[in-house]
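Chemist: following is a predicted model, sequence given first.
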Amino acid sequence: MRPGIKLFVGNVPEEATAEELSELFAGVAGPVLGVALMKQFAFVHLRDEAAAARAISQLNGHQLHGRRIVVEPSRPRPTNTCKIFVGNVSAACTSGELRSLFQQYGPVVECDVVKGTGPAAGAARPPPPSSARARGDSCPERGRASPSELP
């Protein structure tokens, strides 16, 4: 793990580079210890709390390639949670249907169906990882066999 303070940067445009983010943050916060760039978000590691506060104050809402970036402290995910990704979900499937599917295996804390970026996908978060075992056949794809229906 890198020393220093880790910031979350959201709404990062696809054309942005790690080098570009590093230069942007260095200009307002001083030395950048590292940048981890993912699709549409990044983590930027800065030296200390003062540098992080300057970056948040001056760069949150900053326009980068026509998009306003979000800069905030990184919040670690709780260690006792489990998130299940469900791919190839029908575009007609709702978060309520997905929640119903997973609730038969235990309580669902959070459930989302992500649409508009290609094939729909869903994510469900059960409380502990011990009860996360589902087949997926009560919210079938329309017109295609789901993996649970294949021999």
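Modeler: Sure thing, it's come through.
Chemist: where in the chain is the helix or strand with the lowest mean pLDDT?
Modeler: The helix or strand of the chain with the poorest confidence is strand 120-125; it has a mean of 56 (mean pLDDT, DSSP states H and E).
Chemist: for residue 11, see how far away the most centrally placed residue in the chain is.
Modeler: Residue closest to the average C-alpha location in the chain (CA atoms, centre = their mean): residue 41, at 8.0 Å. Counting by CB to CB, to the nearest Å, the separation of residue 41 from residue 11 is 8 Å. Where C-beta positions appear, they are placed from N, C-alpha and C, glycine not excepted.
Chemist: swap in residue 106?
Modeler: For residue 106, the distance to residue 11 (CB to CB) stands at 33 Å.
Chemist: double-check that residue 39 belongs to a strand.
Modeler: No - under DSSP: H, G, I helix; E, B strand; the rest coil, residue 39 falls outside any strand and is assigned coil.
Chemist: mind listing what residue 39 touches?
Modeler: residue 14 (CB atoms under 8 Å, 6 or more residues apart in numbering).
Chemist: domain map for the chain?
Modeler: Listed by automatic domain parsing, the domain ranges of the chain are 5-73, 84-140.
Chemist: how far does the longest one stretch from start to finish?
Modeler: In this case it means domain 5-73. 8 Å (CA to CA, to the nearest Å).
Chemist: for stretch 57-74, same thing?
Modeler: From its first residue to its last, stretch 57-74 covers 15 Å (CA to CA).
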